[in-house]
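K.L.:
this one's structure only:
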């Protein structure tokens, strides 16, 4: 006899944190206690395991979360899934790209798109599917009705992070803990504020420590955090530094993991804004954390471009931040985005000059090519190839070990994505 409903997460490296949060949320829902949950990595494994799961369950829901950079790979995957399984499985999309382009995502072959934050939405949706109820009552989703009309059920309110775990415990998948959602800066190339809002929401110290204690019981004491700006933790507006709250967090985490545990703050998978790099914030890193590096977002060496991007910090902030890190014996990696909209030859020269200044001070450059993303003010901007001069400079820095990153791959993707976004302005 077949079991009830199964939820399958297509567990890709780029989307692990999204699924950890979603499945953690599902585990809190009493009505979904009998839900079978599977994590599947790799395309071949997905088809093989879906066949087995389909034989055992009455209903199979496949969840796929993806970024715009994964668009073509996911499109091919969905086409193949439809060829093999037709409508025997329900395929749901979520994440940054589906949220930014829900209609086009549905046209790829998805049955339903979760728009925006997914914790509450996925629970309500899975309940609806389980009990054969009408999906139009589930807020935060998009779908095509029987007439092929696009339906969006309305935006959900943002969640309280403390209400949901950062990762699943029963269906165990530990990982980095999200401590802040939302960003007040509204940089014109970034999707974060458009999806997660401009008012920062922080997970409480108590909640964070609760899950670190669970990890400690499993002998997992390498602790990392997810935040759009680690040094904004505890700040009401996300712009002023709440040094007391940051220290409270770090003290309490250190107490739990002890001296043998490792605590990383302001390094991968988060970064910090340059104007938030101060003697006080770096002092906390040196006192409580184990990372020997800080990741700073600079993005350009031209103040004009920074202002056009709505970055809300100065070139001087970047230089000061790098000098402080080096003087306090911390390595510093500085993010730059090449090919930003409206960049002139003079702007490129200023960026090259800035990279030279920073690397001479001891920084390494983390290289990125501008990629237009849905919902952002720069979504419709044309992508221009990087100049030979800039490429030569980046390659030279790479050869000296002063730069790293995937800007070449991103540059090629950006051209395709730009064409896609400029051709598909609807929904």
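P.N.:
Done, it's in. Note that the coordinates shown come from a computational prediction; the quantities given were computed from them, not determined experimentally.

K.L.:
Give me the residues contacting the host helix or strand of residue 63.
P.N.:
Per DSSP states H and E: residue 63 is located in strand 57-65. The contact list for strand 57-65, computed with C-beta atoms under 8 Å, 6 or more residues apart in numbering, reads 2-10, 12, 15, 18-19, 22, 36, 50, 53-54, 74, 77-78, 81, 88-95, 98, 110, 122, 126, 129-130. All C-beta spots, glycine's among them, are computed from the backbone N, C-alpha and C.

K.L.:
Could you turn the buried ones of those residues into a PyMOL selection?
P.N.:
To isolate the buried subset of those in PyMOL, counting by 16 or more other C-beta atoms under 10 Å, use the following:
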select buried, resi 5+6+7+8+9+10+12+15+18+19+22+50+53+54+74+77+78+81+89+90+91+92+93+94+95+98+110+122+126+129+130
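
K.L.:
Of the contacts of strand 57-65, which belong to helices?
P.N.:
Among the contacts of strand 57-65, the members falling in helices (DSSP state H) are 18-19, 22, 50, 53-54, 74, 77-78, 81, 98, 122, 126, 129-130.

K.L.:
Return the member of the residues you listed nearest to residue 189.
P.N.:
residue 98 (19.2 Å; C-beta to C-beta).

K.L.:
Could you measure from that closest one over to residue 358?
P.N.:
For residue 98, the distance to residue 358 equals 37 Å [C-beta to C-beta, to the nearest Å].

K.L.:
Residue 54 now?
P.N.:
Residue 54 is 54 Å from residue 358, by C-beta to C-beta.

K.L.:
what do you get for residue 295?
P.N.:
With C-beta to C-beta as the criterion, residue 295 and residue 358 are 13 Å apart.

K.L.:
again, but for residue 162
P.N.:
The gap separating residue 162 from residue 358 is 38 Å, by C-beta to C-beta.

K.L.:
before we move on, the earlier item: any shared contact partners between residue 295 and residue 358?
P.N.:
residue 334.

K.L.:
So those two - more neighbours on which side?
P.N.:
residue 358 (25 against 19; other C-beta atoms under 10 Å).

K.L.:
Which helix or which strand is home to the more buried one?
P.N.:
helix 345-361.

K.L.:
which other helices and strands contact that helix?
P.N.:
The helices and strands touching helix 345-361, judged by 3 or more C-beta pairs under 8 Å, 6 or more residues apart in numbering; DSSP states H and E, are helix 303-308, helix 315-327, strand 331-338, strand 364-369, helix 388-399.

K.L.:
May I have the predicted confidence score for residue 173?
P.N.:
What the model reports for residue 173 is a pLDDT of 80.

K.L.:
can you pull the contacts of it?
P.N.:
Contacts of residue 173 by C-beta under 8 Å, 6+ apart are 16, 19-20, 23, 39, 167.

K.L.:
Now with 7 Å, please.
P.N.:
20, 23, 39, 167 (C-beta atoms under 7 Å, 6 or more residues apart in numbering).

K.L.:
pretty sure the first one is touching residue 171, no?
P.N.:
This points to residue 20. No: no contact is recorded between residue 20 and residue 171 when judged using C-beta atoms under 7 Å, the distance being 9.9 Å.

K.L.:
And those two? Which one has more around it.
P.N.:
Set side by side, residue 20 and residue 171 show more neighbours around residue 20, with 25 against 18, by other C-beta under 10 Å.

K.L.:
gap between that one and residue 268?
P.N.:
In this view, residue 20 and residue 268 are 16 Å apart by C-beta to C-beta.

K.L.:
repeat for residue 111
P.N.:
35 Å.

K.L.:
burial count for the nearest residue to residue 381 once chain neighbours are set aside?
P.N.:
Of all residues not flanking residue 381 in the chain, residue 341 sits nearest, at 4.0 Å (C-beta to C-beta, 6 or more residues apart in numbering). Using other C-beta under 10 Å, residue 341 has 18 neighbouring residues.

K.L.:
start at 682 instead
P.N.:
Fine by me, first position is 682 from now on; the one you just mentioned is residue 1022.

K.L.:
Unless I'm misreading it, residue 1022 sits right up against residue 1061, doesn't it?
P.N.:
No: using C-beta under 7 Å, residue 1022 makes no contact with residue 1061, being 9.5 Å away.

K.L.:
Shouldn't residue 977 be within a strand?
P.N.:
Yes: assignment of residue 977 by DSSP: H, G, I helix; E, B strand; the rest coil places it within a strand.

K.L.:
That one touches residue 1002, doesn't it?
P.N.:
Yes: contact between residue 977 and residue 1002 holds when scored by C-beta under 7 Å: they sit 5.3 Å apart.

K.L.:
can you list residues touching both of those two?
P.N.:
955, 958.

K.L.:
For residue 957, the count of nearby residues, please.
P.N.:
23.

K.L.:
again with the one 3 residues further on
P.N.:
Residue 960 sits with 9 neighbouring residues when counted by other C-beta under 10 Å.

K.L.:
same deal with the one 4 residues further on?
P.N.:
Here the count is done by other C-beta under 10 Å, and residue 964 has 13 residues near it.

K.L.:
Kindly give the local confidence score, pLDDT, for it.
P.N.:
Note for residue 964: predicted pLDDT of 97.

K.L.:
just the one 5 residues further on next, same as before
P.N.:
On the pLDDT scale, residue 969 is placed at 97.

K.L.:
how much space between the nearest residue to residue 1058 once chain neighbours are set aside and residue 987?
P.N.:
Counting by C-beta to C-beta, 6+ apart, residue 1058 lies nearest to residue 869, which is 4.2 Å off, once chain neighbours are set aside. Distance, residue 869 to residue 987, by C-beta to C-beta: 11 Å.

K.L.:
The two: who's more crowded?
P.N.:
residue 987 (22 against 16).

K.L.:
how much space is there between that one and residue 693?
P.N.:
For residue 987, the distance to residue 693 equals 33 Å [C-beta to C-beta].

K.L.:
same check, this time on residue 1099
P.N.:
Counting by C-beta to C-beta, the separation of residue 1099 from residue 693 is 23 Å.

K.L.:
Quick check: which ranges of the stretch 682-831 of the chain have low pLDDT?
P.N.:
682-684 (pLDDT under 70).

K.L.:
Look at residue 899 and say how many residues are nearby.
P.N.:
Residues near residue 899, counting by other C-beta under 10 Å: 10.

K.L.:
Could you say which helix or strand holds residue 787?
P.N.:
Assigned by DSSP H and E, residue 787 falls within helix 783-788.

K.L.:
Which elements pack onto that helix?
P.N.:
strand 793-795, strand 822-825 (3 or more C-beta pairs under 7 Å, 6 or more residues apart in numbering; DSSP states H and E).
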